[in-house]
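Trainee: Just the structure for this:
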Amino acid sequence: MINVSFEINGRKVRPDRIASEMEKAMLNGIKKDLTQKLRKVRDPITGEHPKVTVRGRSIDKLDVEVEGSERVIKLAKQKLR
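Mentor: Prediction:
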């Protein structure tokens with residue numbers, strides 16, 4: 001299972017706990033998109049899924065970081081291009 005987390009301005013954020021409906025929809029859309037693109041990515045040896053962190057200074061300037069084995073990171077980056 002893909003683990004997608006968000007960190008905005010240095011604080012962990014959960015999309016379901018954001019007051020703004022627009023921001024909530026944006027983060028849920030990002031999470032859904034990443035999950036769809038990466039759901040089949042697994043380390044062929046260990047079965048490990050990537051851990052994805054979406055972080056940035058604000059909700060309109062976010063970067064995606066992928067953690068895992070070298071194989072998982074390589075496969076995930078190929079899917080995210």
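
Trainee: who's in contact with I73?
Mentor: P50, V66, E67 (CB atoms under 8 Å, 6 or more residues apart in numbering). For the C-beta atoms, the positions are set from N, CA and C on the backbone; glycine is no exception.

Trainee: Identify the bridge partners of the second one.
Mentor: Beta-bridge partners recorded for V66 (DSSP bridges): V52.

Trainee: hang on, it packs against V54?
Mentor: No - taking contacts as CB atoms under 8 Å, V66 lies outside contact range of V54: 10.4 Å.

Trainee: quick one, phi/psi of I45?
Mentor: phi -100, psi -50 (degrees, to the nearest 10).

Trainee: which residue sits closest to it, ignoring its sequence neighbours?
Mentor: Closest residue in space to I45, ignoring its immediate chain neighbours: R71 at 7.3 Å, by CB to CB, 6 or more residues apart in numbering.

Trainee: Could you grab the helix/strand/coil label for the one you found?
Mentor: Classification of R71 by DSSP: H, G, I helix; E, B strand; the rest coil places it in helix.
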